[in-house]
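K.L.:
A structural model of the following input is requested.
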Amino acid sequence: MTGEFGHQGAIRGSFEEYGYTQISGAVSNPVAAALTAALDAMPVGGFRQSGAVPFAIRNVARKAEVITHLLREGEIYALASRFLNGPPSLVTAILFDKLPGANWKVPAHQDQYFPVVGSTDEPGWRNWSRKENVDHVEPPTAILSNLVALRIHLDDCPIGHGELQVMPGTHSHLLSHEALRDLDMNRFIRLPASRTDVIALRPLLVHRSHASQNPNRRRVLHVVYSDKTLPAGLSWAG
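P.N.:
Just a heads-up that it's a prediction; the model follows:
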């Protein structure tokens, strides 16, 4: 499912039906360059590492003011608003960097845990945990199923380069471990992308990626937004 901004109605329609859509050149070259420069300037100590090779970092916007600005206003924020019914709130941003020395596969899964600040006794907020000194929680389905993730490609990602693979139409509800295991893995489709392309998806869409067969870098900034009001005392970590 690919599209251009001139066909926004079709893009939103395919997004709601299939759980994802891909938009060519959705991020301008200056914004992509600014994101890349800010990420390259971040201290290596904040990254997860494979040996001495940094390859991923959580909660990026909390660690770099430039990235915070780029994700909370401007063209990326405007893009998120196209897939939500209210003003977007930044939930989290994670960098994935597949490169020689740090190359991994991700099995089929749904994203269901997200970082928050504060606490709540309201029902439906469950499975609390602590990751890298930030609380994470599984939100109620009404919130979980309405999140949108934007995967911003900062490098070309052709077939065989660890590209995202998705199973269309699996985004409407949370699947049990058994149901996830029993899915027909032949239903996955590959989504190669070019630098500045964005794949918008519902985090509950079943997705995976293989290890890259290409030694070049594959940087993707995975940014999640919500338009839902959270209980008093609770906010997204951003």
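K.L.:
burial measure for His109, as a count.
P.N.:
When neighbours are defined as other C-beta atoms under 10 Å, His109 has 12 of them. All C-beta spots, glycine's among them, are computed from the backbone N, C-alpha and C.
K.L.:
partners of it in the sheet?
P.N.:
Taking DSSP bridges as the rule, His109 bridges to His207.
K.L.:
Pro115 now?
P.N.:
Residues in a beta bridge with Pro115, per DSSP bridges, are His136.
K.L.:
looks like it contacts Val134 (just checking).
P.N.:
Yes. Pro115 sits in contact with Val134 when judged by C-beta atoms under 8 Å, with a separation of 4.7 Å.
K.L.:
list residues touching both of these two?
P.N.:
Arg58, Asn59, Ala237 (C-beta atoms under 8 Å, 6 or more residues apart in numbering).
K.L.:
not counting sequence-adjacent ones, nearest residue to the last one?
P.N.:
The reference is to Ala237. Of all residues not flanking Ala237 in the chain, Pro115 sits nearest, at 3.5 Å (C-beta to C-beta, 6 or more residues apart in numbering).
K.L.:
pLDDT score assigned to that neighbour?
P.N.:
Among the per-residue scores, Pro115 holds a pLDDT of 95.
K.L.:
what sits against it?
P.N.:
Residues in contact with Pro115 (C-beta under 8 Å, 6+ apart) are Arg58, Asn59, Val91, Thr92, Lys131, Val134, Asp135, His136, Trp236, Ala237.
K.L.:
what distance do you get for it to Glu132?
P.N.:
According to C-beta to C-beta, to the nearest Å, Pro115 and Glu132 sit 9 Å apart.
K.L.:
what residues do these two have in common as contacts?
P.N.:
Joint contacts of Pro115 and Glu132 (C-beta under 8 Å, 6+ apart) are Arg58, Asn59.
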